[in-house]
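Asks: one predicted model, sequence on top.
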Amino acid sequence: MNSEFYISFVRHIRYFPRRYEFDYNFFWAKFDLNELDELHTRTTFFSRNRFNLLSFYDNDHFNLGFSTTRENVEAFLRENGVTADVTNVELVTNPRVLGYTFNPVSFFFIETTTAPYLVIEIGNTFKECKPYFVATECLSAGTWIFTTPKNFYVSPYTSVENTMTFRVRRDNRGLVISIDDFDKKGNLEVRAVFSGKSRAWSTENVLKLFFSYPLITLRIIWAIHYHALKLFMMKVPHRKKTQDSELQTGVFVWSKRTFRRKS
């Protein structure tokens, strides 16, 4: 089975206007989208589109009008000029835990008949997400390196005018990711570093992770608000969601139990 878990560690570092950093442990799931139905039938405490200890819902990711995550990914590739057939999609993301999830970032690793691609999906606490298309040319020596304007409201403490650089590398041992957030002058404002070690997919590991990281997705959203409050108390300047709204492009909004493209 190609699906697995990543036992992960993340560290966030803010460099200015006040130095602030924190870290925590969590786990990600890597779903081979070809295996979702098999995982559903073979794993006692996991379900697809149904409540369970852990679950995967197709409507938890950007939606271009299709019923499955894979179909929506394929449609997004076509919108970005990819005409080759998709052979496989692997998604690294937070599963639902007792029916709840929040995904600050997810990664779609895509294989086609001609070349690999990557789609990075960023989420915020306003029930919005934005997918970024990463072309094959960004892959070198096993590492994806991708720089893009943000054009998305991620946090009140970074501007939508910032630029992000992603470095993503994975192999048989695990996954290493860094996300650098640069201000308009090119100064590194925030860095997030993730590292994860592979663990096999099994019913036993579903149970172990559920009890080792209780309510982890709820704890992630709590931690976001907790650290935002600490930055507020430190008097770090913040921005309203409505500021620079014209720059917030390519956004999907949670509506009627799924993400729909913002009009």
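Replies: Nice, thanks for sending it over. Residues are numbered from 1 along each chain as shown.

Asks: so which elements touch the helix ranked longest in the chain?
Replies: Under DSSP state H, the helix in the chain containing the largest number of residues is helix 216-233. Judged by 3 or more C-beta pairs under 8 Å, 6 or more residues apart in numbering; DSSP states H and E, the packing partners of helix 216-233 are strand 20-32, strand 96-97. All C-beta spots, glycine's among them, are computed from the backbone N, C-alpha and C.

Asks: switch to 10 Å and redo it
Replies: Judged by 3 or more C-beta pairs under 10 Å, 6 or more residues apart in numbering; DSSP states H and E, helix 216-233 is in contact with strand 4-14, strand 20-32, strand 96-97.

Asks: need the next SSE after the shortest one, C-terminal direction.
Replies: In this case it means strand 96-97. Counting by DSSP states H and E, the element after strand 96-97 in chain order, helix or strand, is strand 105-112.

Asks: same thing with the longest one?
Replies: Of the helices and strands lying after strand 20-32 in sequence (DSSP H and E), the nearest is helix 36-42.

Asks: that next one: how far from the chain's middle?
Replies: 22 Å (C-alpha atoms, centre = their mean, to the nearest Å).

Asks: which strands and helices sit next to the very next helix or strand once past it?
Replies: Later in the chain than helix 36-42, the nearest helix or strand by DSSP H and E is strand 46-48. Contact analysis of strand 46-48 by 3+ C-beta pairs under 10 Å, 6+ apart lists helix 36-42, strand 54-56, helix 203-212 as its packing neighbours.

Asks: average pLDDT across strand 46-48?
Replies: Mean pLDDT, strand 46-48: 98.

Asks: run a quick neighbour tally on Phe31.
Replies: 24 (other C-beta atoms under 10 Å).

Asks: for Pro237, find the nearest of the helices and strands packed on helix 216-233.
Replies: strand 4-14 (12.1 Å; C-beta to C-beta).

Asks: helix 216-233 and the closest one, what's the angle between them?
Replies: Interaxial angle, strand 4-14 versus helix 216-233 (axes from the mean of the first three to the mean of the last three C-alpha atoms, to 10 degrees): 0 degrees.

Asks: out of the helices and strands packed on helix 216-233, deepest packed?
Replies: strand 96-97 (a mean of 22; mean count of other C-beta atoms under 10 Å).

Asks: contacts for that one next, please.
Replies: 27, 29, 46-47, 49-57, 60, 102, 209-210, 213-220 (C-beta atoms under 10 Å, 6 or more residues apart in numbering).

Asks: read off the pLDDT value for Ser263.
Replies: Taking Ser263 on its own, its pLDDT is 68.

Asks: let me redo that: Arg173
Replies: In this prediction Arg173 is given a pLDDT of 83.

Asks: pretty sure it contacts Glu4?
Replies: No: applying C-beta atoms under 10 Å as the test, Arg173 and Glu4 come out as separate, 11.5 Å apart.

Asks: anything in contact with each of the two?
Replies: In contact with both Arg173 and Glu4: Gly196, Ser198, using C-beta under 10 Å, 6+ apart.
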